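Novice: Structure here, sequence nowhere to be found:
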């Protein structure tokens, strides 16, 4: 694999123009660090449009994913709950509210992961998901790259979801919203794992921010629908290389892509 450089946000004065109660500081030492050969690469299994259409079959295992990254998000075969990848641990949040570390043999129909090496870090106090997303966007050097973003600290409240496992013939994702399980956690410490994709990636990945969550006590998690933070530390990695793996199965091959939701 060729060496890739991370483009860092150096010289940004984060304290200017920020909302009240927000503080931030660029980590100059991290920004100056030379990236490892695998840094700055987003590895993705399948596409968002395929997932929306109901392509939930999978053949890429957790063991294989671990060779490509230690941070990210995704789901499991049959759309069985949510994948949260943090510090090399692959967590599986199921619709029954049980969070566990997944086995290497579990397979994913969709995942987006990287080797996490942040170059910018700052602290934020008391922010909503929408406000924090806007603040992060204001710090980014451009919205035309992919980013891996880790948000760790106190969450006053956070609402997540997980969808129960589906079986063939798979329905499109839009039909499963009524059966999703929702979980609300209050005054919890944990990590929001965020993959931010540029607008030109529409259909390939979710445009803008895509948050999954796992609590420090490993008792809760899922796809984050909303949250309000206390004090959290934000770390950002720029991803300028993109590696897309497409499934070699009949369900994906016969899918109509791009997919227009009904």
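Specialist: Perfect, thanks for sending it. Values in this document were obtained by computation on a predicted structure and should not be read as measured data. Residues are numbered from 1 along each chain as shown.
Novice: from here on, contacts and neighbour counts on C-alpha atoms
Specialist: Noted.
Novice: What are the buried residues along stretch 97-115?
Specialist: By neighbour count on 16 or more other Cα atoms under 10 Å, the buried set for stretch 97-115 is 97, 99, 102, 107, 108, 109, 110, 111, 112, 113, 114, 115.
Novice: Taking the residues you listed together, which two end up most distant?
Specialist: Using Cα to Cα, the two most remote members of the buried residues of stretch 97-115 are 97 and 115, lying 27.8 Å apart.
Novice: these two touch, right, residue 128 and residue 232?
Specialist: No. With contact defined as Cα atoms under 8 Å, residue 128 does not count as touching residue 232 (11.5 Å).
Novice: Moving C-terminal from the strand ranked longest in the chain, which element do we reach first?
Specialist: In the chain, taking DSSP state E as the definition, the longest strand is strand 221-239. Remark: after strand 221-239, the chain's next helix or strand is strand 241-245, criterion DSSP states H and E.
Novice: where exactly do the helices run in the stretch 51-200 of the chain?
Specialist: Secondary structure of the stretch 51-200 of the chain by DSSP state H, counting those that start in this stretch: the helices cover 62-65, 129-139.
Novice: Throw the ones you listed into a markdown table and include distance to residue 153 and mean pLDDT, thanks.
Specialist: Shown next, in a markdown table, are those (distance: least, Cα to Cα, whole Å; pLDDT from 0 to 100):
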| stretch | distance to residue 153 | mean pLDDT |
| --- | --- | --- |
| helix 62-65 | 26 | 97 |
| helix 129-139 | 13 | 98 |
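Novice: need those in JSON lines with distance to residue 243 and mean neighbour count, can you?
Specialist: Output for these, formatted as JSON lines (distance: least, Cα to Cα, whole Å; neighbours: other Cα atoms under 10 Å):
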{"stretch": "helix 62-65", "distance to residue 243": "12", "mean neighbour count": "17"}
{"stretch": "helix 129-139", "distance to residue 243": "23", "mean neighbour count": "15"}
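Novice: Same list, those, but as a markdown table with distance to residue 146 please.
Specialist: Listed next are the helices of the stretch 51-200 of the chain as a markdown table, based on distance: least, Cα to Cα, whole Å:
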| stretch | distance to residue 146 |
| --- | --- |
| helix 62-65 | 19 |
| helix 129-139 | 12 |
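Novice: With respect to residue 167, which of the ones you listed lies nearest?
Specialist: helix 62-65 (20.3 Å).
Novice: follow-up on the earlier one: dump the buried residues of stretch 97-115 into a markdown table; add pLDDT and distance to residue 192 as well.
Specialist: Conversion of the buried residues of stretch 97-115 to a markdown table gives the following (pLDDT from 0 to 100; distance: Cα to Cα, whole Å):
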| residue | pLDDT | distance to residue 192 |
| --- | --- | --- |
| 97 | 97 | 17 |
| 99 | 98 | 15 |
| 102 | 96 | 18 |
| 107 | 97 | 22 |
| 108 | 97 | 20 |
| 109 | 97 | 21 |
| 110 | 98 | 18 |
| 111 | 98 | 16 |
| 112 | 98 | 15 |
| 113 | 98 | 14 |
| 114 | 98 | 15 |
| 115 | 97 | 16 |
